[in-house]
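Undergrad: Generate coordinates for the sequence data below:
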Amino acid sequence: MSAVSRYLVALAAIAVSLLFRYAFRDTLGFEVPYLQFYPAVIVAAWYGGLGPGLLVTGISVLTSMYFLLPPAGLPVTDLTDQLSLAVFAATGYVIALLSHRLRVAKEQQRSVAAMATARAERLDAILNTTVDGVIVTNAGGNIEAFNPGAQDLFGYSESEVIGRNVSMLMPSPEREEHDSYLRHYLRTGEEKIIGVGRRVTGRRRDG
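TA: Coordinates of the predicted model:
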C-alpha cells in the first residue's frame, strides 16, 4: 500500500470507531471511553504499519479527552481519568507496535516462502533438463528426486523409486553396506564413503 493509502485506512478506522461510539452512546455512556478505539488501532497498524497505528492512538487520546472525559474540552482534571488515559495511550502504542511487527513478520514469511518456491522451481528445471542422471536422497538414504537422466540410466520410472532406499540401485556388496556407511557419516561426520567423490557401479532394473 502507498503511504497515502495507509493513512487513509487509519483515518477510516478511527471514523468507523467514532460512528460506532455515536450509534451506541446511550448504551455505552461514559463508563468505557476507550473500548471502541482498540480495533481501530489494530486495523490501522496491521494495514498501515506503526505510523498509522500511532496516529489512530493519538487521535483516540485527543477525542477521549475532548468528548468522553469530563470536563468538556481538552483538560482532564480528575486523577483517575488521567491515569486511565495514560494506560490507554500506552496500551495503544503497544498494540500498534505488536500489530506492526506481526505484519512485517508475515510479509517476510511470504517473501521467504516465495523465494524458496522459486528456488525449488529452478532446481526442478535443472534436474529435469540435465542429461546426466541425478538422484537426491534424504538423511535416511531414501530417494526424494530421480530425474529423467537417472530414469534412462537405471530403467526405473520416478514413481517406482521415490521413497525407496537408494541402495536398490546398487549391486552387492555396496547394497548391503550402504546404510551402515550413511549411519557412520551422520554419527561422526567422517567422509569415509559418503561425501567422497567416487566412481561406482550401479545396478539397472534388469540386473
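
Undergrad: Would you map the helices across this protein?
TA: Along the chain, the stretches classed as helices by DSSP state H are 3-23, 25-28, 37-48, 50-63, 79-129, 148-154, 158-161, 174-188.

Undergrad: Would you mind saying which of these lies nearest Leu69?
TA: Smallest distance to Leu69 across these (Cβ to Cβ): 4.8 Å, for helix 79-129. Yep, even glycine has a C-beta here, placed from its N, CA and C like the rest.

Undergrad: What average pLDDT does the closest one get?
TA: Mean pLDDT, computed over helix 79-129, is 91.

Undergrad: report the angle between the axes of that helix and helix 50-63?
TA: Relative orientation of helix 79-129 and helix 50-63, computed by axes from the mean of the first three to the mean of the last three Cα atoms, to 10 degrees: 160 degrees.

Undergrad: Could you identify which of the helices of the chain is most buried?
TA: Counting by mean count of other Cβ atoms under 10 Å, helix 37-48 has the highest mean neighbour count of the helices of the chain, with a mean of 23.

Undergrad: how distant is that one from the center of its chain?
TA: 20 Å (Cα atoms, centre = their mean, to the nearest Å).

Undergrad: contacting residues around Ser60?
TA: 14, 17, 34, 37, 40-41, 88, 92 (Cβ atoms under 8 Å, 6 or more residues apart in numbering).
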